[in-house]
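Undergrad: Here is a sequence with its predicted model. Questions after.
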Amino acid sequence: MERKTLQNLEHDNLSQLFIVQGPRRPLTGTSRQLGYAEIMKIAPLLFLVAMFAGSAQAADLTVSVRGADGKPVPDAVVTVYPNGQPTKGPIKFDWPYRVAQQNIQFNPFVLIVPAGAEVSFPNLDKVRHHVYSFSAGNKFELKLYGREENRTVQLNAVGVAAIGCNIHDQMVGFIKVVDTAYAAKSDANGNAVIHGIPDGPVVAKVWHPYLRALKNEKTLNTASVHGAARETTTVELRAPSPH
Ligand SMILES: [Cu+2]
């Protein structure tokens, strides 16, 4: 039941994403022939429409994240800011805003959510967990007993919520709270792919919980995107600190 609901949610998110970011439908023919005079009247408008369509071209950015040893780095978060600006209006990603506790671990290890998101923390273990975050602006505490599915926390502060469990010291996880609709996490091969970025100048960043840099984040070289853009970035990671 829970799973079905989740799938429906994902489907809804996807279809909304498609409506917002999907390719524009080609303009269909008018229902009647236009006279020359009429065409001349709307010509400036057509020109504007063409310009607008041109500016709405979307790009995909693939960032390959590598460690100093050249190996792929999973769980790095790439964020892209078109024109250097955060996204105005609501942001929706097509993955669940959910950190499960399973086998005495947080799953996923890193989750990306938009600011203001309701994040659920289902406990799939038989043991109880006591999940907390002391991160500024995103502090919370949840006492979770076995098989609890429906506890949520709203995360409002752009930044990071580092999460732990009071009972199990080895449980460590991170929620990256973002203010851009263009964000993705690197997979097992170290690749993060962000779709549908408006063509033009961007500020792109990579974050990883153990990245050696101010706020564990560094700015990527990609300064503009057009079509299929690619960047390989090397990050230096520190050893995870004992919890
Ligand atoms: Cu625990």
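TA: Thanks, I have the structure now.
Undergrad: Please make it C-alpha for all contacts and neighbour counts, starting now.
TA: OK.
Undergrad: Run through the helices of the chain in chain order.
TA: With helices called from DSSP state H, the chain shows them at 2-21, 36-55.
Undergrad: What pLDDT is listed against Ala50?
TA: As predicted, Ala50 sits at a pLDDT of 52.
Undergrad: hang on, the earlier thing: now the weakest link among the helices of the chain, please, by mean pLDDT.
TA: Note on the helices of the chain: helix 2-21 shows the lowest mean pLDDT, a mean of 40.
Undergrad: Extract the residue ranges of this protein that are flagged as low pLDDT.
TA: Low-confidence segments of the chain, defined by pLDDT under 70, span residues 1-56, 241-243.
Undergrad: Tell me which residue of it lies closest to the ion.
TA: Closest residue of the chain to the ion, CA to the ion: His129 (3.7 Å).
Undergrad: does that residue really touch Asn166, like I thought?
TA: Yes - using CA atoms under 8 Å, His129 is in contact with Asn166, at 7.3 Å.
Undergrad: Name the residue in the two with the higher neighbour count.
TA: Each of His129 and Asn166 has its neighbours counted (other CA atoms under 10 Å); His129 has more, 22 against 15.
Undergrad: circling back to that earlier point, may I have the beta-bridge partners of the residue of the chain closest to the ion?
TA: Beta-bridge pairing of His129, defined through DSSP bridges, involves Leu144.
Undergrad: Tell me the spacing between the residue lying closest to Arg128 once chain neighbours are set aside and Asn123.
TA: Spatially, and ignoring its direct neighbours in sequence, Arg128 is nearest to Tyr145 (4.3 Å; CA to CA, 6 or more residues apart in numbering). To Asn123, Tyr145 is 7 Å away according to CA to CA, to the nearest Å.
Undergrad: how many neighbours does the residue nearest to Arg128 have?
TA: 16.
Undergrad: what's the answer for Lys71, then?
TA: With other CA under 10 Å as criterion, Lys71 counts 12.
Undergrad: Pretty sure Pro122 sits against Glu148.
TA: Yes - contact status for Pro122 versus Glu148: in contact at 5.5 Å, counting by CA under 8 Å.
Undergrad: how far out from the middle of the chain is the longest strand along the chain?
TA: Longest strand in the chain by number of residues (criterion: DSSP state E): strand 58-67. Remark: strand 58-67 is offset 13 Å from the chain centroid, using CA atoms, centre = their mean, to the nearest Å.
Undergrad: most centrally placed residue in the protein?
TA: Ala183 (3.4 Å; CA atoms, centre = their mean).
Undergrad: Touching, that one and Val78? I think so.
TA: Yes - Ala183 is within contact range of Val78, at 5.5 Å (criterion: CA under 8 Å).
Undergrad: Thanks again, I'm all set now.
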